[in-house]
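Engineer: can't give you the sequence, but here's the structure:
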């Protein structure tokens, strides 16, 4: 009996031990570039997710309008649609699919889409229309290829509340999946061939439900946010008036893992850093009457997160940004010049502003007077309308109407007042290759970015010192092109390795991610830089870069700006001792790979919406009677991202006819019952007492 029990245990152990191998034989991982995920704000959810047990369906290909229409006739219980990008981008596709009960999810694949002449944007027609300074009723359709959903068809597909998971099939996995489909699953008029058929399982379960307030209370989500690199040509003082040059640091796409944004807005980031680079090397720049500040605001695609936080910080009475003893107040931001898309469009750059104030005119005059020797010119669009821009967050924070209308805030871009020339805005196809960005070769688009950097640097000098003569210096186009290549084409480049050693290939994904505990000390639980009598809490310390890998991209851009603004690009210190023990806005020592040490007044500000506390709680809504200054302004971003179950993945496998599956199940159960009966009978037999011979009984 003991031998039998041991044999049974061994058989069970072998079955369990071989389960992983069996799993690999049945399932094949589908390589994807990520999934659509669940975001929530106070108004409700956006994005998508799978059921907790995953979404399973037979693979159905829809590459033409007819195949998509035929899908309505499909007869099986559930399908995962292999959907071409050309159909996915149509405004009617997702609502059509979501209305069908047998639609369980989608795998989107690229069928050659993404040429510079193609048009697709999952963003709204007027991006960020619920945040910052409201648009005028006559505001242009800035993103004319976006929208298609919601009230007035203004809303983009990225903001839809979708009930089924959607994954993006990786380009190098399309042929493999398509071969399986063509082998068994080809459909005619919605009806597919005979079983077995290929099926797909999509797993992207998200915990959060309803809205941001609910999910935060339940602990199921985190506010979107990160850090905004900023710096000045000299340490900021409480008496400084500031000329601020800004750009949006983040990008967006329907699938967040592919938020590359070459034109929107990597071109602006590079122009701002290249302008800082050439300015900091000019004699006398640190003695100008006004200080010059560069800010790369993070989270702007989700309601101006970084800019609204900085605007809110400096609007407090008293301001403590970046510190109590060197506070910057809103009334000392003399000018704010924001850079936007610069590679699409033409060499005629437009300057936009909301009110056309005297200070807006100063910005235009400074720019138009700085075009000497350049191909670019500047068109005056001040006072006409303001595109979606961080400037809107600053204007919203100025509650006094006359003061707001006198503010000097403008946007410089290569599109006109009819809207964006970038027809792939906020999509994964906004890539550097479309603009011929190459390592070592300055393309037409890269040259425009470089000339914009020259133009902005010269204009910033003029705004900082109105009595100065026109400047003639030029930005380093080799540097600008290399930085543009690293950000928009391949981060496996010499500049990235020189600054941070950030590994990987391909363009830098600039989705903002979640603020979470990114900036909380994992030992003490207190916010980084909440030291020195708690007045430095606006600024992030270096430790957070190493502790939280999600900050690596922010780390790179901080280092690029730190090098550009450095007062000393090669500080002579003992190896391993380059460490910033100072606080903003002082000069700080920043370590680079290879024991290189740089001295620069460059820091990282917290980029979390003022709708949240620094610990991630949602502030109470303010009252309209106080213009919301007593609490949360409804035009602050409240976007959060849900927690999810690991892993987010997809896999493909063969599935039999449901009737065959039932027969197999019943047969298996019968086999199991039969085995149990046999074992029971055998056990009873071997354990029964042996008969005693009659002769033995007689003898006894």
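Structural biologist: Good, I have the coordinates. All values derive from a computational prediction rather than experimental measurement.
Engineer: tell me the contacts of the residue positioned nearest the centre of the chain?
Structural biologist: In the chain, the residue lying closest to the centroid (CA atoms, centre = their mean) is residue 511, at 1.3 Å. Contact analysis of residue 511 by CB atoms under 8 Å, 6 or more residues apart in numbering lists 250, 251, 252, 253, 256, 257, 259. Yep, even glycine has a C-beta here, placed from its N, CA and C like the rest.
Engineer: Just the buried subset of those residues, written out for PyMOL, thanks.
Structural biologist: To isolate the buried members of the contacts of residue 511 in PyMOL, using 16 or more other CB atoms under 10 Å:
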select buried, resi 250+251+252+253+256+259
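Engineer: Name the nearest of the contacts of residue 511 relative to residue 444.
Structural biologist: Nearest to residue 444 among the contacts of residue 511, counting by CB to CB, is residue 251 at 22.0 Å.
Engineer: so that closest one touches residue 263, yeah?
Structural biologist: No - Residue 251 is not in contact with residue 263 according to CB atoms under 8 Å; the separation is 9.7 Å.
Engineer: With adjacent residues omitted, what lies nearest to residue 456?
Structural biologist: Counting by CB to CB, 6 or more residues apart in numbering, residue 456 lies nearest to residue 275, which is 4.5 Å off, once chain neighbours are set aside.
Engineer: so how many other residues sit close to residue 483?
Structural biologist: Neighbours of residue 483 under the rule other CB atoms under 10 Å: 27.
Engineer: returning to what we had before: quickly note the distance from the residue nearest to residue 456 to residue 82.
Structural biologist: The spacing between residue 275 and residue 82, counted by CB to CB, to the nearest Å, is 46 Å.
Engineer: Between these two, which is the more surrounded one?
Structural biologist: residue 275 (29 against 24).
Engineer: Please tell me how far the more buried one sits from residue 432.
Structural biologist: For residue 275, the distance to residue 432 - CB to CB - is 20 Å.
Engineer: What of residue 683?
Structural biologist: According to CB to CB, residue 683 and residue 432 sit 72 Å apart.
Engineer: neighbour count winner among these two?
Structural biologist: Shown here are residue 683 and residue 432; by other CB under 10 Å, residue 432 has more neighbours (25 against 13).
Engineer: show me the contacts for the closest residue in space to the more buried one that isn't next to it in sequence.
Structural biologist: What sits nearest to residue 432 in space, not counting adjacent residues and going by CB to CB, 6+ apart, is residue 488, at 3.0 Å. Going by CB under 8 Å, 6+ apart, residue 488 touches 260, 262, 266, 431, 432, 435, 437, 507, 508.
Engineer: Scan those residues and report the most crowded one.
Structural biologist: residue 266 (31 neighbours).
Engineer: Could you verify my assumption that it touches residue 483?
Structural biologist: No - if you go by CB under 8 Å, residue 266 and residue 483 don't touch, sitting 9.0 Å apart.
Engineer: which residues are contacting stretch 274-292?
Structural biologist: Residues contacting stretch 274-292 (CB under 8 Å, 6+ apart): 231-234, 236-237, 240-243, 245, 294, 334, 449-450, 453-454, 456-457, 460-461, 463-465, 468, 471, 473-476, 479-480, 483, 561, 563-567.
Engineer: Repeat that for stretch 564-571.
Structural biologist: The contact list for stretch 564-571 (CB under 8 Å, 6+ apart) reads 231-234, 273-274, 276-277, 280, 286, 294, 563, 578, 587, 589, 596-602.
Engineer: Please flag which of these sit within strands.
Structural biologist: Among the contacts of stretch 564-571, the ones falling in strands (DSSP state E) are 231, 232, 294, 589, 596, 597, 598, 599, 600, 602.
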